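Colleague: Here is a sequence with its predicted model. Questions after.
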Amino acid sequence: MKYSSKRKAATLSVVVALAAVAVFFGWRQLSAPSTESASISATAVGGGIMDSSAHVTASFTVNGKDGIVTLHIGKNWHVNANPASLDNLIASTILIEHDGSQREAQATYPPGKSSGIIIDGTDVLVYENGVAVPVQSLGSEPSDRVLVRVQACNTQGVCLAPATITASNGQI
């Protein structure tokens with residue numbers, strides 16, 4: 001009888017595992033992009049997962065102590081607006097790094113645009129390529145860096161790991 005119980009338990013474990021795999025792959029199939037190029041873009045060469053820096057860069061221009069950070073976002077990609085539409089989404093955030101520590105910049109984030117994605121009745125608002133964010137009172141230390149924390153998602157709803165990227169073309 002013990003052998004029979006162990007065998008039933010093992011069979012049940014296999015069935016549960018197969019059901020979990022089927023649910024996982026069924027969900028992935030429903031949420032996966034329909035084109036091969038979009039699927040490939042979510043995986044880095046070498047098998048690792050890309051982060052959002054693969055599709056987003058930033059530049060910074062100075063005007064006195066203030067400046068403008070511009071996000072350069074790849075075709076068919078966007079980042080979450082600030083504030084994020086939902087608590088579990090990562091808002092695009094501009095940071096100033098000084099002597100290894102980071103603080104949020106005094107930024108005036110523009111309103112996001114509708115992504116066309118509705119989650120729990122909430123329209124997810126995003127930034128697209130070229131969005132400019134005015135930033136005030138940045139300081140003047142030459143070693144300070146302007147950073148941008150973003151999470152990129154494509155038009156099929158595939159989101160990459162968040163990344164903190166350094167804005168180029170300017171100094172504080």
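Modeller: Happy to help now that I have it.

Colleague: I'd like the distance between V131 and E141.
Modeller: 26 Å (Cβ to Cβ, to the nearest Å). (Each C-beta comes from the backbone N, C-alpha and C, glycine too.)

Colleague: who's more crowded, the two?
Modeller: Per other Cβ atoms under 10 Å, whichever of V131 and E141 has more neighbours is V131, with 20 against 12.

Colleague: residue contacts, that one?
Modeller: V131 makes contact with 70-71, 73, 110 under the criterion Cβ atoms under 8 Å, 6 or more residues apart in numbering.

Colleague: What subset of these is buried?
Modeller: Burial by neighbour count, 16 or more other Cβ atoms under 10 Å: within the contacts of V131 this picks out 70-71, 73.

Colleague: Which one of these is nearest to V158?
Modeller: Nearest to V158, judged by Cβ to Cβ, of these is I73 at 14.4 Å.

Colleague: beta partners of the closest one?
Modeller: On the basis of DSSP bridges, I73 is bridged to V56.

Colleague: pLDDT weak spots in the chain?
Modeller: Filtered on pLDDT under 70, the chain yields the residue ranges 1-48, 138-140, 169-172.
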